[in-house]
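> Okay, structure incoming, though there's no sequence with it:
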């Protein structure tokens, strides 16, 4: 496996088996999809902020019971992990062959592989919601062992997921934390003390600063070796007599009045802050400048906390369902190495843009996406939909997928732009990945533009266009906006797009699809006691 940071396009099960070495990863974070047609990866919104008809359903054929789920179930049975096999068999007997069982079978074989690639001191964080968290927890118990269950973290988002018509609104997610073994990398996080607490607790001061007083009594009364007299008081103490005397001589033990139980000075300067527990209420959903337009985008602060808690500088972080790339973004910012895997070319392309915007000059490898015409042709032959989504990413177009795969509306993608301060227009993109293109295809695009009242159309083609096609495109005329004119129909080849050429479009309305990530000013690890 390469030492460089890397993004992989493909099924994460295949990538894990083929490209990720045994016990090579320090930390795994995964936020796998469930009911993916509603929330996985990228759900586009219209310029008005409403949910658009465009939606990528990457796992549409994967998370339902069928051949893929049956194959995953069989692989678990033959994995050698008898605990996981026995549990999954019992789950199938209880649940039957439905969507949830398909999800658990697909997750089980992946969790087995994720445990394989974890180092002995590594941790895994599985982010889920109450729909399946109880099933996933016992599945993790079977694969990692119940003694390796470290925490069930409850994260309170700022917005509930549903209206409270018959149920209480849901505003929390569950993050299940497991370790590979008994020794695990862990850094306790802290947060700032509440001002009211500081005022009430730290009410003393001396030349050393502000301090509070803490008890020195031992909660265990049956400790003869710690029972002695000190400053006229006989008790069972927390410390040995030698340590107590040393602290007293250093001015850290005080007796407020004769015969009172001595207490210990805890200076505010020595406090790391308030200990963060497994209930996280201080991190809101990604919003404002951080939000890139993904409705399920996790906040950078959430991933920063997880990665800082369970890894060290230079460690390797893996996100096998990397979606919009928040985990790899946080890993890069903290000075970790990282690997991200996603099953859509669209997601990989968007993460590339996010990282390059946030970390100018950052170098990383991208595996499985076309780098030249031969690679583009190969992808077009293997999967025309993935080719289409990848090709659209070259021109920063948003996919148009209002209908199921195979339905042809004549629109493959959209580029929104402003015609004036108030009006947003759409440029229609038509993608052709076949070996031959014809003038009739350009005429079809012109017809779609007329139907949709679109001022600009982009014909994005893998095969070189004919002269007749160029003539037909030119006959569509020009679109005038202010002092500039733009060809109404533009033909752009994949070869040109790979070389960086973009369609001639007025200022793009970036709020219509995805924002650019803000540039990061540092790549250093923040202090854990903040």
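Alright, I've got the coordinates. Remember, it's a predicted structure, so these values are computed and weren't measured experimentally. Numbering: from 1, shown residues only.

> what about residue 306, which helix or strand?
Using DSSP states H and E, residue 306 sits within helix 300-309.

> Name the residues that touch that helix?
27, 29, 125, 155, 175, 186-189, 276, 280, 283, 286, 290, 317, 326-327, 329-331, 333-334, 336, 525-526, 528 (Cβ atoms under 8 Å, 6 or more residues apart in numbering). All C-beta spots, glycine's among them, are computed from the backbone N, C-alpha and C.

> mean confidence score for it?
For helix 300-309, the mean per-residue pLDDT is 97.

> now that helix, how far from the chain's geometric center?
Helix 300-309 has its C-alpha centroid displaced from the chain centroid by 11 Å (Cα atoms, centre = their mean, to the nearest Å).

> Okay, buried residues for that helix please.
For helix 300-309, the neighbour count (16 or more other Cβ atoms under 10 Å) marks 300-309 as buried.

> still on that earlier bit, let's see which of the contacts of helix 300-309 end up in helices.
Secondary structure from DSSP state H places 326-327, 329-331, 333 of the contacts of helix 300-309 in helices.

> Name the member of those with the most neighbours.
Counting neighbours by other Cβ atoms under 10 Å, residue 327 comes out on top of the ones in helices among the contacts of helix 300-309 with 33 neighbours.

> what bridges to residue 428?
residue 414, residue 457 (DSSP bridges).

> care to break the protein down by domain?
Domain assignment for the chain by automatic domain parsing gives 6-190+276-367, 193-272, 373-512.

> right, so of those, which gets closest to residue 520?
Among those, domain 6-190+276-367 comes nearest to residue 520, with 4.8 Å by Cβ to Cβ.

> distance between stretch 378-396 and the chain's centre?
The mean C-alpha position of stretch 378-396 is separated from the chain mean by 23 Å, Cα atoms, centre = their mean.

> Please apply the same query to stretch 297-310.
9 Å.

> can you check stretch 156-175 too?
That offset, for stretch 156-175, works out to 20 Å (Cα atoms, centre = their mean).

> One more: stretch 8-23?
Counting by Cα atoms, centre = their mean, stretch 8-23 comes out at 18 Å from the chain centroid.

> ok, now stretch 366-384?
25 Å.

> So what touches it?
Contacts to stretch 366-384, defined as Cβ under 8 Å, 6+ apart, come from residues 6-10, 19, 345, 348-349, 352, 386-387, 390-391, 433-434, 462, 494-495, 498.

> All the strands of the stretch 251-400 of the chain, residue numbers only.
With DSSP state E, counting those that start in this stretch as the criterion, the stretch 251-400 of the chain has strands at 253-254, 263-267, 274-275, 279-280, 316-319, 337-342, 365-367, 398-399.

> So for residue 198, which of those strands sits nearest?
strand 274-275 (10.0 Å).

> For that closest one, which strands pair with it and how are they oriented?
So strand 274-275, judged by DSSP bridges, has these partners: strand 190-191 (antiparallel).

> And the next helix or strand past the strand it pairs with?
Using DSSP H and E, the first helix or strand after strand 190-191 is helix 195-201.

> Now do that next one, average pLDDT.
For helix 195-201, the mean pLDDT works out to 90.

> where does the stretch 401-530 of the chain have low pLDDT?
401-408, 421, 508-515, 522-530 (pLDDT under 70).

> which helices and strands sit right next to the strand ranked longest in the chain?
Longest strand of the chain, by residue count under DSSP state E: strand 118-128. Other helices and strands packing on strand 118-128, by 3 or more Cβ pairs under 8 Å, 6 or more residues apart in numbering; DSSP states H and E, are strand 25-30, helix 99-117, helix 133-144, strand 172-179.

> mind listing what's buried in it?
So for strand 118-128, counting by 16+ other Cβ under 10 Å, buried means 118-119, 121-128.

> so what strands line up beside it?
Under the rule (DSSP bridges), strand 118-128 has strand 25-30 (parallel), strand 172-179 (antiparallel) as partners.

> hmm, back to that, lowest-confidence stretch among the strands of the stretch 251-400 of the chain?
Across the strands of the stretch 251-400 of the chain, strand 398-399 has the smallest mean pLDDT, namely a mean of 82.

> other SSEs contacting it?
Where contact means 3+ Cβ pairs under 8 Å, 6+ apart, strand 398-399 is packed against helix 384-394, strand 413-418.

> hmm, 6 Å instead?
Of the remaining helices and strands, none touches strand 398-399 by 3 or more Cβ pairs under 6 Å, 6 or more residues apart in numbering; DSSP states H and E.

> Quick check, pLDDT for residue 170.
Model confidence at residue 170, given as pLDDT, is 84.

> Pull up the gap between it and residue 332, please.
Residue 170 is 31 Å from residue 332, where distance means Cβ to Cβ, to the nearest Å.

> These two: who's more crowded?
Set residue 170 next to residue 332 and count neighbours by other Cβ under 10 Å: residue 332 wins out with 21 against 15.

> ok, for the more buried one, nearest residue in space, not its chain neighbours?
residue 359 (5.9 Å; Cβ to Cβ, 6 or more residues apart in numbering).

> What degree of burial does the one you found show, as a neighbour count?
If you count neighbours by other Cβ under 10 Å, residue 359 ends up with 17.

> from here on, count from 639
Sure thing, new numbering starts at 639, so read that last one as residue 997.

> so where's the stretch 889-1038 of the chain uncertain?
Short version for the stretch 889-1038 of the chain, where the test is pLDDT under 70: 926, 931-933.

> returning to what we had before: could you save the domains of the chain as CSV and add columns showing distance to residue 1156?
Output for the domains of the chain, formatted as CSV (distance: least, Cβ to Cβ, whole Å):
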stretch, distance to residue 1156
domain 644-828+914-1005, 6
domain 831-910, 29
domain 1011-1150, 13
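
> which one of these lies closest to residue 1159?
Minimum separation from residue 1159 across these (Cβ to Cβ) falls at domain 644-828+914-1005, 9.8 Å.

> From the chain's centroid, how far away is the closest one?
That offset, for domain 644-828+914-1005, works out to 7 Å (Cα atoms, centre = their mean).

> go on, stretch 900-909?
On Cα atoms, centre = their mean, the centre of stretch 900-909 falls 40 Å from that of its chain.

> contacts for it?
For stretch 900-909, contacts defined as Cβ atoms under 6 Å, 6 or more residues apart in numbering pick out 840, 846-852, 854, 869, 890-891, 893.

> Between those, which sits nearest residue 788?
residue 852 (27.9 Å).

> quick one: secondary structure of the closest one?
strand (DSSP: H, G, I helix; E, B strand; the rest coil).

> Please name the bridge partners of it.
Applying DSSP bridges, one finds that residue 852 bridges with residue 902.

> per-residue pLDDT, residue 772?
For residue 772, the predicted pLDDT is 95.

> re the thing from before, need the helices and strands packed on strand 756-766 in CSV with mean neighbour count and distance to residue 1123, can you?
What follows is these, written out as CSV (neighbours: other Cβ atoms under 10 Å; distance: least, Cβ to Cβ, whole Å):
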stretch, mean neighbour count, distance to residue 1123
strand 663-668, 25, 49
helix 737-755, 22, 52
helix 771-782, 20, 56
strand 810-817, 21, 50
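
> closest to residue 1081 out of those?
helix 737-755 (43.2 Å).

> orientation of the closest one relative to helix 771-782 in degrees?
Angle of helix 737-755 versus helix 771-782, following axes from the mean of the first three to the mean of the last three Cα atoms, to 10 degrees, is 30 degrees.
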